[in-house]
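Q: With the input below, show me the fold.
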Amino acid sequence: MGCCSISARRAASAGTCQDEMELLEIGGSRKWSISEAQSEGSLHLRDPVTTTETATETGGNLRLAEEEDFQRRTSELNPQAEVLWGRTREELRNFLFTQPITGWEGRSIHSLGEIVWSSLVLMRSCHMEEMSERYIVLFPFQLLILSVDHVKKAFVYQGLLPLAGMNVRDVPSDTGCMFEMTGPMIESRIISCLSPAEFHIWVLSIQQHIKMANAHSPAHPSNIISFLVPCDEQWKKRKLMKHLFYTTILKWEGKPIQHLGRIHYLAMVQVACASMGEFKERLLVLFPEDLVFLSVDRERTGIAYEGKLPLAGIQAKEKSAVLGRLEFEITGSLTEPILVACSTAEDYEKCLFYLQKPEQILGTVTVQPPPMVPKKSLQR
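A: Residues are numbered from 1 along each chain as shown. Below is the predicted model of the structure:
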């Protein structure tokens, strides 16, 4: 195994994309066949016009036509119809902005902008067979996903998906009301609408706002990396830890990074393998059960996956901590020896601390109960 691509000695995982920034727990409400989603059908917008002037004019006309189509279709629905818990769609909008959402994370819901559309749907991930009831809310640049607590008549936060970079395609089914959402940073989701009218509104509005989100996305969304690397200050480390869950990591393999748990520590280090003496710069990221190696390109604009090792299968031991050489060695049955050189004493100590798994060492210590003190006899 070379130091440029640190990985376990096994076949690489076929999966190459990351999951969403927020994990969505998919519970079960009814069985649904995976075969219903096996389709290459896709919802495509018209091809772009070649000339700039014509493209601008056509794009404006297309947006106007889409907006008019959206308004026409929504006007066909009865605004006084009950959607959930005896409330209309408008009443549920007010409910979302005024009542707390269980498990809400991140910035306030008010910062997401105006609600474009919302409704009750059935949803499942690409790895699940069961569809679950969800209330999804479309904002200008994000899709909010909520589960429904019918007992408490409350919403439970399940995730917030960025629309930029997403794709939508039709999924043929008996109802004709299913579509799939995919993207480079999310696990694909199959969504089943409760009526054909809802289906057309959702597909039309999501497509339109995906284009808007793509247009407003910065050309180089990873430029923040140049300010955070090298992560030689604590605030940079904290920012980079969060950024890894939101950015696209090139060549990613295995389960999504969001499924690896909370990041315990990260550091920019130099890595060399026993078979190759040349050191290479790597971003070492420590999760509860895994050690991940990432690389940063020369322009400091992109991050790529270089390998992952299970902590349970490796050991770390001090190599040299004198004369400014802060080095330790990683060994294990799944990898050849890896020499890691840290740039600071703090990185060296923290990396060794987590790699040597002190919580497991402490967990093996048996605490003996205090000795029993005999009671004094009452007899004289």
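Q: Where does Phe204 fall, secondary structure wise?
A: Careful, residue 204 is Leu and not Phe. helix 196-216 (DSSP states H and E).
Q: should've said Tyr348
A: helix 345-355.
Q: Against which helices or strands is the longest strand along the chain packed?
A: Longest strand of the chain, by residue count under DSSP state E: strand 276-286. For strand 276-286, the packing partners by 3 or more CB pairs under 8 Å, 6 or more residues apart in numbering; DSSP states H and E come out as strand 265-273, strand 290-296, strand 335-342, helix 345-355. (Glycine included, C-beta is placed from N, CA and C.)
Q: Dump the ones you listed to TSV, plus mean neighbour count, mean pLDDT and distance to Arg124.
A: TSV is the format used below for the helices and strands packed on strand 276-286 (neighbours: other CB atoms under 10 Å; pLDDT from 0 to 100; distance: least, CB to CB, whole Å):
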stretch	mean neighbour count	mean pLDDT	distance to Arg124
strand 265-273	21	92	33
strand 290-296	22	94	27
strand 335-342	20	89	37
helix 345-355	18	91	36
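Q: which one of these lies closest to Asp149?
A: Of all the helices and strands packed on strand 276-286, strand 290-296 sits nearest to Asp149, with 33.3 Å by CB to CB.
Q: what number of residues lie near the closest residue to Tyr157 other than its chain neighbours?
A: Closest residue in space to Tyr157, ignoring its immediate chain neighbours: Gly103 at 4.3 Å, by CB to CB, 6 or more residues apart in numbering. By the criterion of other CB atoms under 10 Å, Gly103 has 12 neighbours.
Q: Could you tell me the end-to-end distance of stretch 225-245?
A: For stretch 225-245, the first and last residues are 13 Å from each other (CA to CA, to the nearest Å).
Q: Any chance you could give me the longest strand of the chain in CSV, C-alpha atoms only?
A: C-alpha atoms of strand 276-286 as CSV (Å, rounded to 0.1, in the frame of the first residue of the first chain):
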residue,chain,number,x,y,z
MET,A,276,8.1,4.6,0.0
GLY,A,277,10.3,6.9,1.9
GLU,A,278,8.9,10.1,0.4
PHE,A,279,6.6,12.1,2.7
LYS,A,280,3.3,13.5,1.4
GLU,A,281,1.0,16.0,3.0
ARG,A,282,-2.2,14.6,4.3
LEU,A,283,-5.1,15.8,6.4
LEU,A,284,-5.5,13.2,9.2
VAL,A,285,-9.1,13.0,10.5
LEU,A,286,-10.0,11.0,13.6
